[in-house]
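Trainee: Pasted the sequence and its predicted model underneath.
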Amino acid sequence: MLRRLSSLFLRTLRDDPADAELPGHTALVRAGYIRRAGSGLHSWLPLGYVVYRKVEQIIREEMDRMGAQEVHFPALLPREPYEATGRWEEYGDTLFRLQDRRGNDHLLGPTHEELFTLLVKDLYSSYKDLPLSIYQIQTKYRDEARPRAGLLRAREFVMKDSYSFDVDDAGLGASYEQLRAAYIATFDRLGLDYVIVDAMSGAMGGSRSEEFLCPTPVGEDTFVRSPGGYAANAEAVATPVPDPLPYDDVPTAHVEDTPDTPTIATLVDHANAHLPREDRPWTAADMLKNVLVMLTYPDGTRTPLAVAVPGDRDVDDKRLAAQVEPARVEPFTDADFDANPALVKGYIGPAALGEDSASGVRYLADPRIVEGTRWVTGANEPGRHVFDLVCGRDFTPDGTIEAAEVRDGDPAPDGSGPLEIARGIEIGHIFQLGRKYAEALDLKVLDENGKLVTVTMGSYGIGVSRAVAAIAETTVDELGLCWPRIVAPADVHLVIAGKDEQVVAAAEQLAADLDAVGLDVLLDDRKASPGVKFKDAELIGIPTIVVVGKRLADGMIEVRDRASGDRDEVAVDSAVDHLVEICRS
RNA sequence: CGGGGUGUGGCGCAGCUUGGUUAGCGCACCUGCUUUGGGAGCAGGGGGCCGCCGGUUCGAAUCCGGCCACCCCGACCA
């Protein structure tokens, strides 16, 4: 394929667009790959669409290779199936809803579990038909509260979503492993760096869920990893539980006056000024912080929850939310305090917490708060705190909860070293759904004993448009885009640097020759100055830039590597062979 | 949804406080000449209901009110 820049539907921009904030997104717009059509909506221009299709095709090939079969659903869907699984309501404002002329509710599919499940139900009814993996590459719609970061968080985006169907858990496990292997192969081919992280805490049973995160500071997901190879989503990190401590020589708990100390910082200052420790100064880590939240369940029930964390840590809202799902976490309001007179704002302590206490509020503690740990905490009276309160002796929480923030340097749960906190773009997610959708939509098959069994499912997604963005964000440099060859919009960017007839003729001939041997060529045959062409070539980011110009007088052309900036001089006569070698190796 | 901000040719921006000729600049685009190895020069040109609606006024891009859109921070986000 030979494309000419003189006629390509392309206009590069010299200035950064005002609304692009990420370097890769900025470059995609400046280089003429995408245009914003609306908030969270993007149009693909010719160069961008070539890259998009290459990424899509690699994903498709790897899905086909593992035996999944491609189908295609509508993006516009009827309400009923989503009503049946409860997601018409659960999805909330993120769901794009619309009505047809008869007033019937429809939605633009945010994900297609329901449709896949129903399709299999329509056609299959025997264990002999399973296992089955089917997938589609489909435009998805989510009315994001705040679209941002270009293609990374859009309202319309393309996702490859696939689903596996098995009769039993062992089958689901095998299907999951197959998909996992296919994802590894896919991202390896795409040249995308990735980390596979646990997306769910082990406490939640057999369901496995892992995310493929592309590590980059511009990513929206926070994860942790250790030198020993442990990696997990921040929500899923388990805290190693310390051994119990002896507490025989800890004094009896005693209440002290600590006026005007409603926060940890003020309490530490007061304690050091008026009640100094014998061995060392008090720190926030000596304080027991009790945080109240209100949980709201899908059925509307509201229940308060108290979470205890060491005073030097904050509660991580996302980790807490993951632990209490499906309940939603809401702040504990002044009205809630009024309704619970046993709770004294700013001075809440364990004595007033717990299912058997005066307040009756369920009290869950960070796993670090083990038997024998010694704390300073609220005395449930304004201006007073309890000192030397020992866990297991003076109070016992109702249970533990993983809600404290994870910090750089925290130990990995598997002993593989200190955790490092990093950011990543979620480019893939694999998930053992289990029987949730099969049950809701009654997908059953007959097993070998002639008994009806509910099918168990897995769901597996790759963001196609997001993968393009992730590649751009992780390869962009100060000059512009810098595509891995496998997804680049062409193999060679051929710059005609000069208006001399011999130069033009030689470049045209070279372009034709490269085209003839099957390389994709972007030929810059515009009447622009060499400087403009070089800048654009760097911005567009095709991996190999060939310059036919003044050195042609000596029978030489220049071959540049976009990524490294390396330049070679090559004889025109051997240019085709040389470039084939570069592009095919 | 809370907070902040911005809407002026395709892109980036000035003008608005203090209302008053034909609304301006850079890039991009068109024509001509010169130029051609790192975003060229000169000359000439085309392109705008100044986000929308209403109000004040002799007169509104500019002042007032309402609405809409978009962006940023946060909340939210299989």
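Mentor: Looks like it came in fine. Bear in mind that the values here come from a model prediction, so they are computed numbers and not experimental data.
Trainee: And the longest strand seen in chain A, what's buried?
Mentor: Looking across chain A with DSSP state E, the single longest strand is strand A:420-434. When neighbours are counted by 16 or more other C-beta atoms under 10 Å, the buried residues of strand A:420-434 are found to be A:421-422, A:424-434. C-beta: built from backbone N, CA, C; applies to glycine.
Trainee: okay, the residues you listed in a markdown table with pLDDT and distance to A:Thr266 next?
Mentor: Formatted as a markdown table, the entries for the buried residues of strand A:420-434 read as follows, by pLDDT from 0 to 100; distance: C-beta to C-beta, whole Å:
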| residue | pLDDT | distance to A:Thr266 |
| --- | --- | --- |
| A:Ile421 | 88 | 28 |
| A:Ala422 | 89 | 34 |
| A:Gly424 | 91 | 37 |
| A:Ile425 | 91 | 40 |
| A:Glu426 | 92 | 40 |
| A:Ile427 | 93 | 45 |
| A:Gly428 | 93 | 46 |
| A:His429 | 92 | 43 |
| A:Ile430 | 92 | 47 |
| A:Phe431 | 90 | 45 |
| A:Gln432 | 90 | 47 |
| A:Leu433 | 88 | 48 |
| A:Gly434 | 88 | 48 |
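Trainee: Just send these back as JSON lines, with distance to A:Thr377 too.
Mentor: Written out in JSON lines, the entries for these read as follows (distance: C-beta to C-beta, whole Å):
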{"residue": "A:Ile421", "distance to A:Thr377": "28"}
{"residue": "A:Ala422", "distance to A:Thr377": "33"}
{"residue": "A:Gly424", "distance to A:Thr377": "36"}
{"residue": "A:Ile425", "distance to A:Thr377": "40"}
{"residue": "A:Glu426", "distance to A:Thr377": "38"}
{"residue": "A:Ile427", "distance to A:Thr377": "43"}
{"residue": "A:Gly428", "distance to A:Thr377": "43"}
{"residue": "A:His429", "distance to A:Thr377": "40"}
{"residue": "A:Ile430", "distance to A:Thr377": "42"}
{"residue": "A:Phe431", "distance to A:Thr377": "39"}
{"residue": "A:Gln432", "distance to A:Thr377": "40"}
{"residue": "A:Leu433", "distance to A:Thr377": "42"}
{"residue": "A:Gly434", "distance to A:Thr377": "40"}
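Trainee: I'd like these written out as TSV, with distance to RNA strand B added.
Mentor: Written out in TSV, the entries for the buried residues of strand A:420-434 read as follows (distance: C-beta to the nearest atom of the strand, whole Å):
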residue	distance to RNA strand B
A:Ile421	15
A:Ala422	16
A:Gly424	13
A:Ile425	12
A:Glu426	7
A:Ile427	10
A:Gly428	8
A:His429	4
A:Ile430	9
A:Phe431	6
A:Gln432	12
A:Leu433	9
A:Gly434	13
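Trainee: got the buried residues for stretch A:475-485?
Mentor: For stretch A:475-485, a neighbour-count test (16+ other C-beta under 10 Å) marks A:Thr475, A:Val476, A:Gly480, A:Leu481, A:Cys482, A:Trp483, A:Pro484, A:Arg485 as buried.
Trainee: The longest strand of chain A: partners in the sheet, and parallel or antiparallel?
Mentor: Neighbouring strands of strand A:420-434 in its sheet, by DSSP bridges, are strand A:209-215 (antiparallel), strand A:221-225 (antiparallel), strand A:456-463 (antiparallel).
Trainee: Out of those strands, which gets nearest to RNA strand B?
Mentor: strand A:456-463 (3.4 Å; C-beta to the nearest atom of the strand).
Trainee: which residues are contacting the closest one?
Mentor: In this structure, residues lying in contact with strand A:456-463 by C-beta atoms under 8 Å, 6 or more residues apart in numbering are A:59, A:111, A:113, A:117, A:135, A:157-169, A:171-172, A:175-176, A:179, A:183, A:186, A:212, A:426-438.
Trainee: For the residue most central in space within chain A, which residues are in contact?
Mentor: Of all residues in chain A, the one closest to the mean position by C-alpha atoms, centre = their mean is A:Glu426, 2.6 Å from it. A:Glu426 makes contact with A:Glu211, A:Phe212, A:Leu213, A:Gly219, A:Glu220, A:Asp221, A:Gly463, A:Arg466 under the criterion C-beta under 8 Å, 6+ apart.
Trainee: Same check on A:Gln178?
Mentor: A:Gln178 touches A:Met66, A:Gly67, A:Ser133, A:Ser164, counting by C-beta under 8 Å, 6+ apart.
Trainee: Tabulate those residues (CSV), appending neighbour count and distance to RNA strand B.
Mentor: Conversion of the contacts of A:Gln178 to CSV gives the following (neighbours: other C-beta atoms under 10 Å; distance: C-beta to the nearest atom of the strand, whole Å):
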residue, neighbour count, distance to RNA strand B
A:Met66, 18, 19
A:Gly67, 12, 21
A:Ser133, 21, 17
A:Ser164, 28, 15
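Trainee: Spatially nearest residue to A:Gly346 (excluding sequence neighbours)?
Mentor: Counting by C-beta to C-beta, 6 or more residues apart in numbering, A:Gly346 lies nearest to A:Pro262, which is 3.1 Å off, once chain neighbours are set aside.
Trainee: do you know how far the one you found is from RNA strand B?
Mentor: 22 Å (C-beta to the nearest atom of the strand, to the nearest Å).
Trainee: my read is that residue is in a helix, agree?
Mentor: No: remark: A:Pro262 does not belong to a helix; assigned using DSSP: H, G, I helix; E, B strand; the rest coil, it is coil.
Trainee: Could you double-check that it sits in contact with A:Tyr347?
Mentor: Yes: look at A:Pro262 against A:Tyr347 with C-beta atoms under 8 Å: they come within range, at 7.1 Å.
Trainee: Between these two, tell me which one has more neighbours.
Mentor: Neighbour totals were compared for A:Pro262 and A:Tyr347, and A:Tyr347 leads with 22 against 15 (other C-beta atoms under 10 Å).
Trainee: thinking again about what came up before, and the longest strand of chain A, how far out from the chain middle?
Mentor: From the chain centre to the centre of strand A:420-434 is a distance of 5 Å (C-alpha atoms, centre = their mean, to the nearest Å).
Trainee: cool, and stretch A:106-125?
Mentor: Per C-alpha atoms, centre = their mean, the centroid offset for stretch A:106-125 relative to its chain is 24 Å.
Trainee: Same question for it: list its buried residues.
Mentor: For stretch A:106-125, burial by neighbour count (16+ other C-beta under 10 Å) applies to A:106-121, A:124.
Trainee: What's the end-to-end length of it?
Mentor: End-to-end distance for stretch A:106-125: 28 Å, by C-alpha to C-alpha, to the nearest Å.
Trainee: and what of stretch A:546-565?
Mentor: Where stretch A:546-565 begins and where it ends lie 12 Å apart, using C-alpha to C-alpha.
Trainee: ok, and does that stretch reach over to RNA strand B?
Mentor: Yes: in this structure, stretch A:546-565 sits against RNA strand B according to C-beta under 7 Å from any atom of the strand; the contacting residues are A:Val547, A:Val548, A:Gly549, A:Lys550, A:Arg551, A:Leu552, A:Glu558, A:Arg560.
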